[in-house]
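>>> Build the 3D model from these lines:
(one chain, ligands or ions: 2)
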Amino acid sequence: MILTEDLRRTFRRRGAAVEAVRGISLRVERGELVAVLGPNGAGKSTLLRMLTTLLRPTAGTARVAGVDVVADPAGVRQRIGYVGQGNAGGHHHRVLDELVTQGALYGRTRAEARRRAGELMEALELRGLERRTVASLSGGQRRRMDVAIGLVHRPGLLFLDEPTTGMDPQARANLWEHITRLRHETDTTVVLTTHYLDEADAVAERIVVVDHGEVIADAGSAALRARHAEDRIELEVDEPGTVAGLVDGTVAGSRVELRLADGARVLPGLLARLERAGVTVHAAHLHEASLDDVFLALTGRSLREEGAAA
Ligand SMILES: Nc1ncnc2c1ncn2[C@@H]1O[C@H](COP(=O)(O)OP(=O)(O)OP(=O)(O)O)[C@@H](O)[C@H]1O
Ligand SMILES: [Mg+2]
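Ligands and ions are numbered 1, 2, ... in the order given. Here you go, the predicted model:
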């Protein structure tokens, strides 16, 4: 569904060159759900905007749904849905009219577009807002409306740039449930970006980490965690010095910390061993490696901190 080769985009800003995307070669098969992760300014939106024909690549090639983005942008647009990072939808239009019109723009009959709009209003909990103007919606309602616009023409390939930003947890869960169902029913291919790593972990079977305009990792979440992060076990004990001699850990106050793979499997045996040695363990904490740990290891930044800053 997507095939890029050495894709690049350079912006000129006050005479200086900003290399937003620096040679990305990517292949996405039909039916895949790929999450593109990366810190602010990594080049995620620039990549998506080239794939959706909103930006012309500076160099390299990209085929989307079998169509070249430069040679036939209109052909690409016919085949995709795109929810950008900003809001879509005419401010003064009414919610339902806007959805039906957008569906009709893609060549659906008004009856078909109306049916699809109804389904989406239900799935994304926009019921009751049919006659409201887009401008009068709350931030989270607008974001749900944006997603509905991206889906109204039933695209086989869907690009979502931070679709859940501004949504409450229930709305986020509903959206992912809808996307998951859509994939099962229609084999839709989805490429998304998000700053919520728990979401990426839960919905994406493939994670592409982008930093400074380049792909620095591309694998499933479990593989990434195994490769780039460790589990951590923290024990609270009376005599940490003795324990550190028994296990391979470091002492911090009354705590001993161990870093290892597969902590959940190691922990029971570890506790049994310490008990046999006569050590009293007051508490044992297991911190399993998270995607955030992977992110930190790969980019030197925590996405959680980034989210807070944003
Ligand atoms: N139109 C533009 N003109 C100049 N520079 C741009 C333009 N669009 C993006 N950039 C720069 O390109 C780099 C990548 O931006 P991009 O929006 O792709 O990042 P991102 O990964 O989507 O970040 P975020 O997580 O904040 O959305 C940044 O340094 C940004 O400032
Ligand atoms: Mg972006």
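
>>> Please count neighbours and contacts with C-alpha atoms only from this point.
OK.

>>> tell me the contacts of the closest residue to V210 other than its chain neighbours?
Distance criterion C-alpha to C-alpha, 6 or more residues apart in numbering; nearest residue to V210, sequence neighbours excluded, is G38 at 4.9 Å. Counting by C-alpha atoms under 8 Å, 6 or more residues apart in numbering, G38 touches 44, 195, 209-211, 295, 303.

>>> just checking, next helix/strand downstream of the helix or strand where V147 lies?
Using DSSP states H and E, V147 sits within helix 139-151. Going down the chain from helix 139-151, the next helix or strand is strand 157-161, by DSSP H and E.

>>> Next secondary structure after that next one?
Heading C-terminal from strand 157-161, the first helix or strand you meet, by DSSP H and E, is helix 169-186.

>>> The following helix or strand past that following helix packs against which elements?
Next in sequence after helix 169-186, counting helices and strands by DSSP H and E, comes strand 189-193. Counting contacts by 3 or more C-alpha pairs under 8 Å, 6 or more residues apart in numbering; DSSP states H and E, strand 189-193 packs against strand 33-37, strand 157-161.

>>> which residues touch the first one?
If I follow you right, that is strand 33-37. So strand 33-37 is contacted by 28, 44, 189-195, 200, 203-210 (C-alpha under 8 Å, 6+ apart).

>>> next one: stretch 150-157
If you take C-alpha under 8 Å, 6+ apart as the criterion, stretch 150-157 is touched by 1, 65, 79-83, 99-100, 102-103, 106, 108, 113, 116-117, 120, 158, 186-191.

>>> Would you mind listing what in this structure touches ligand 1?
Applying C-alpha under 6 Å from any ligand atom, we find that the chain lies next to ligand 1 at 11, 13, 20, 38-46.

>>> Of those residues, grab the buried ones for PyMOL.
Buried subset of these, written as a PyMOL selection, criterion 16 or more other C-alpha atoms under 10 Å:
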select buried, resi 20+38+39+42+43+44+45+46
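
>>> can you tell me which of the residues of the chain next to ligand 1 are in strands?
Among the residues of the chain next to ligand 1, DSSP state E puts 11, 13, 20 in strands.

>>> didn't the last one look like it was pressed against R9?
So the one you mean is A20. Yes: A20 lies in contact with R9 (C-alpha atoms under 8 Å); the separation is 5.8 Å.

>>> Find residues that contact each of the two.
Each of T46 lies in contact with both A20 and R9 under the rule C-alpha under 8 Å, 6+ apart.

>>> ok so, going back, give me the subset of the contacts of stretch 150-157 lying in helices.
79, 99-100, 102-103, 113, 116-117, 120, 186 (DSSP state H).

>>> can you list the domains in the chain?
Domain ranges of the chain: 2-225, 230-288, per automatic domain parsing.

>>> Please tell me the pLDDT value assigned to the residue lying closest to A171 once chain neighbours are set aside.
Once flanking residues are discounted, A171 sits nearest to L124: 7.2 Å by C-alpha to C-alpha, 6+ apart. Looking at L124, its pLDDT stands at 89.

>>> Any figure for the gap between L124 and ligand 1?
Counting by C-alpha to the nearest ligand atom, to the nearest Å, the gap from L124 to ligand 1 is 23 Å.

>>> hang on, L192 packs against V147?
No: using C-alpha under 8 Å, L192 is not in contact with V147, being 11.8 Å away.
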